[in-house]
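> I would like the atomic coordinates for the input below:
(one chain, ligands or ions: 1)
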Amino acid sequence: MIIAVDGPSAAGKGTLARGLALHLGYHFLDTGALYRMVGLQMLRTQTDFTDVAKATAFARDLNVDDFEDHELRSEVVGSAASKVAVIPEVRSALLKFQRDFAKRLPGAVLDGRDIGTVICPSADVKFYITASVEARVLRRFKELQGLGIANSLQDVTADIKARDDRDASRSTAPTLAAADAIVVDTSHLGVEEALELALGAIKAKFAI
Ligand code: CDP
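Residues are numbered from 1 along each chain as shown. Predicted structure coming up:
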């Protein structure tokens, strides 16, 4: 059983995907963390973002134990992630890990931008989670505050818009709802409401 959860930044896809995995007893993969790790390596080694060979090498040599790195969630790293994410070679280098993960039993929930379109086009259930820019900015602002990372609302708004533009306009695997995705707008939905809605859709389809 493969559940794909795609959507733009801070729309609530990570929270929903984690909740679904926990509820169903499935494995969970935050695929954004893979791109964030590559972006973080580029920043730490002060590598130019035009250096495709270096970015690709970082993607090939990822150590998933670094997933817990506190710095990963910062917006500086989010922005670096979206810069390496436009590089087709980086995306290819991360493909196998994601597809292998998706095969884990009894099921897997993956969240990202291209899970339902490129990584797992035959996923059993696909969600596309979206929300207004205002709602997303406020959520990201609070998330960063909670992590002790200071950012003004203006900065968060600018960062999210810049990332939306870069992620939606790239030629390889742009942020896109799959034709068969269930679109959920979480602008006015709480965490529990979004989870109930998604679980309802899964249960309706598979009678589980
Ligand atoms: O948490 P948030 O939605 O802000 O970002 P994320 O999911 O951690 O992803 C960080 C960046 O990685 C995104 O802005 C995308 O550029 C890139 N990404 C991607 O290209 N494909 C994915 N499957 C996941 C993330």
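
> Please report how far the closest residue to residue 114 other than its chain neighbours lies from residue 115.
Closest residue in space to residue 114, ignoring its immediate chain neighbours: residue 173 at 3.8 Å, by C-beta to C-beta, 6 or more residues apart in numbering. For the C-beta atoms, the positions are set from N, CA and C on the backbone; glycine is no exception. Look at residue 173 and residue 115: by C-beta to C-beta, to the nearest Å, they are 10 Å apart.

> quick one, which of those two is more surrounded?
residue 115 (31 against 19; other C-beta atoms under 10 Å).

> Wait, that one touches residue 122, no?
No. Look at residue 115 against residue 122 with C-beta atoms under 8 Å: they stay out of range, at 11.3 Å.

> quick one: buried residues of the host helix or strand of residue 55?
If you go by DSSP states H and E, residue 55 is part of helix 52-60. Within helix 52-60, the residues scored as buried using 16 or more other C-beta atoms under 10 Å are 54-59.

> Pick the one among these closest to residue 28.
Distances from residue 28 to these, taken as C-beta to C-beta, are shortest for residue 59 (20.7 Å).

> doesn't residue 95 make contact with the closest one?
No. When contacts are counted by C-beta under 8 Å, residue 59 is not listed as touching residue 95 (9.8 Å).

> where along the chain do the strands fall?
Taking DSSP state E as the criterion, the chain carries its strands at 2-6, 27-30, 108-112, 125-130, 182-185.

> Contacts (any at all) between the ligand and the longest one?
No. For strand 125-130, no contact with the ligand is found by C-beta under 6 Å from any ligand atom; the gap never falls below 9.6 Å.

> which residues make contact with that strand from outside it?
Strand 125-130 is contacted from outside by 2-8, 11-13, 16, 115-116, 177-178, 180-186, 194, 198, 201-202, 205-206, using C-beta atoms under 8 Å, 6 or more residues apart in numbering.

> Report the separation between the residue lying closest to residue 139 once chain neighbours are set aside and residue 164.
Distance criterion C-beta to C-beta, 6+ apart; nearest residue to residue 139, sequence neighbours excluded, is residue 10 at 4.7 Å. Noted for residue 10: a distance of 10 Å to residue 164, by C-beta to C-beta.

> rewinding a little: out of the buried residues of helix 52-60, who's near the ligand?
Restricting the buried residues of helix 52-60 to those touching the ligand (C-beta under 6 Å from any ligand atom) yields no residues.
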